[in-house]
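[1] Structure for the following, please:
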Amino acid sequence: MVIRKKDIKTHSRISSARKAGSQVEEEVDFAPTEMHVIKKRSGGSRVLGVSLVVVILLVLGWFATKLALSGWQINKDTLFQDLFSLSTATLIGEDQGRVNIVLMGMPGAGDGVEGPDLTDTLIVASLSIKPEGSNFLFSLPRDLYVKVPTYGNTKINAVYEIGNNQTAGGGDITVADVAGDILGLEIPYYVRVDFSGFEKLIDELGGITVTVDKDLRDDKYPTANKGYETVEIKAGTYTMDGAMALKFARSRQSTSDFDRAARQQKVILAIRDKAKQLDWLSNPAKAITIMDILADHLSTNLKINEMKRLVGLMKDFDVNKLINKVFDDSPTGLLYGTRVNEIYVLLPVGDDYKAITEYVAKLLSGTISPGELDQQTTKEPLKIEVLNGTNVAGLAKKIATQLEQQGYKVVATGNNATKGLTKTLVYDISDGQRIWEVRKLATSLGAEIATDKVTTTSGALARVVLGSDANK
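    Below is the predicted model of the structure:
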């Protein structure tokens, strides 16, 4: 999927905003809540999203709570007969060793809710059918700018609503298709949960224990009356009810979407821990109660027998070995932030999703290890040299200073042998080992990646040759 800025056409996110030609943040009503500070314990883990609650439930074998997901007409009198029958189904992708599911979290309908069909969280789970296989979670940020067939370009959080408008009830499949196109995956299944169901689940658990690593303050958290309230949580360990857990997971005013995703994982793991503690798995009466609570808040196209098969395949699954990749605007995130028609969006480096597709393919095939891309930049900043290919004196030093502020390590500056260049070029001197960062560097400069081979004695892993387009 290639996105060219000159071809980008902005589309608003919800019907009411579409008429006004502007984008608005969704606003949800939250009831007062209580937090009880308890003894702090160690925390921290890799990033997950709010909608991943469904995966955690499946991993636990807690499939009874899923039977009301997609508006099925379920006969509770025959529920457990259906559940515990020997009949199971073969999942799509099982013959290739991997099952892919798109997971969505969204506000859902309610008084004062704007944008009820905007996906606040979107994660693709790629699950191995073998217990020893790797399981991946790919988090796609809500501001990711994508192309929707027969529609045009939009933020990915609006794709569900667009799909529903194009074909009644087709939003889930449209999201699966668009996300699959980005990642290079066939995604036959979807699971969707709204915020109300998320809150009710936690309250039914009697609250969850969550460790807050650093102070969180958001003085513009939206309320149902289109105003704001202040959410403030000091570092510590708390017992949170559903409303507070949702605020902790969704607050984004003072932090990034990527930080928010880290908090969401804490909440999900806390749900898993509390469910285990209460032994909900072996309690049929509790399963029926959860069905009643979540009946109007969860949806999926997984059939009962498919769920049973999925649980059977994952019975030995170790959640601690779950590997997550968040695509973001970090040096290894493969995305960069920009503005299109004055609206902030995230685009892939080089304005082409090929880099993401290739990265996912390498991960799934085992060509690269899950942490290999991140380790390339966590060890040390990318070393670069900056050469002036123009007649503008001091341009190399000026751009070098800007790049150092962005976290790059400039090891050499100077004049290029050839002058009069109009287009800035970036050369990869890392033999492909740091190509992700080289692409990121080129994108930040609006430069082209040169195909010529160059050598250097400066120790640089990338060379920037400035053209007149850099003198802005």
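[2] ranges for the helices of this protein?
    Secondary structure of the chain (DSSP state H): helices at 15-20, 53-59, 79-83, 159-166, 171-183, 195-205, 242-250, 257-278, 284-294, 304-313, 354-365, 372-378, 395-405, 435-445.
[3] Could you dump the ones you listed into TSV with mean neighbour count added?
    C-beta: built from backbone N, CA, C; applies to glycine. As requested, the helices of the chain are exported to TSV (neighbours: other C-beta atoms under 10 Å):
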stretch	mean neighbour count
helix 15-20	12
helix 53-59	24
helix 79-83	14
helix 159-166	21
helix 171-183	22
helix 195-205	21
helix 242-250	24
helix 257-278	20
helix 284-294	17
helix 304-313	20
helix 354-365	17
helix 372-378	16
helix 395-405	17
helix 435-445	22
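[4] Break this protein into its domains for me.
    As recorded under the TED database, the domains making up the chain are 49-375, 381-469.
[5] Can you say which of the helices of the chain is nearest to Leu216?
    When the helices of the chain are compared by C-beta to C-beta, helix 242-250 sits nearest Leu216, at 7.0 Å.
[6] So which elements touch the closest one?
    Taking 3 or more C-beta pairs under 8 Å, 6 or more residues apart in numbering; DSSP states H and E as contact, the helices and strands that helix 242-250 lies on are helix 195-205, strand 208-212, strand 228-233, helix 257-278.
[7] export that helix as CSV, just CAs?
    Presented in CSV, the C-alpha positions along helix 242-250 are these (Å, rounded to 0.1, in the frame of the first residue of the first chain):
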residue,chain,number,x,y,z
GLY,A,242,-13.9,-0.3,36.0
ALA,A,243,-14.3,3.4,35.6
MET,A,244,-10.9,4.3,37.0
ALA,A,245,-9.2,1.5,35.1
LEU,A,246,-10.7,2.8,31.8
LYS,A,247,-9.5,6.3,32.6
PHE,A,248,-6.1,5.0,33.4
ALA,A,249,-6.0,3.1,30.1
ARG,A,250,-7.5,5.8,27.9
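[8] Taking helix 195-205 as reference, get the angle to it.
    Helix 242-250 runs at 130 degrees relative to helix 195-205, counting by axes from the mean of the first three to the mean of the last three C-alpha atoms, to 10 degrees.
[9] can you put the helices of the chain in TSV and add distance to Ile129 and mean pLDDT?
    Listed next are the helices of the chain as TSV, based on distance: least, C-beta to C-beta, whole Å; pLDDT from 0 to 100:
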stretch	distance to Ile129	mean pLDDT
helix 15-20	40	34
helix 53-59	13	40
helix 79-83	21	52
helix 159-166	28	93
helix 171-183	18	95
helix 195-205	27	86
helix 242-250	30	88
helix 257-278	21	75
helix 284-294	25	66
helix 304-313	5	72
helix 354-365	13	90
helix 372-378	24	55
helix 395-405	45	95
helix 435-445	29	84
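[10] I'd like those as CSV, with distance to Gly459 appended.
    Converted to CSV, the helices of the chain look like this (distance: least, C-beta to C-beta, whole Å):
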stretch, distance to Gly459
helix 15-20, 51
helix 53-59, 44
helix 79-83, 62
helix 159-166, 44
helix 171-183, 35
helix 195-205, 50
helix 242-250, 44
helix 257-278, 31
helix 284-294, 57
helix 304-313, 49
helix 354-365, 25
helix 372-378, 16
helix 395-405, 15
helix 435-445, 15
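[11] for those helices, which one sits closest to Leu118?
    Short answer: helix 159-166, nearest of those by C-beta to C-beta, at 6.6 Å.
[12] now that closest one, how far from the centre of its chain.
    Mean-position distance between helix 159-166 and its chain equals 19 Å (C-alpha atoms, centre = their mean, to the nearest Å).
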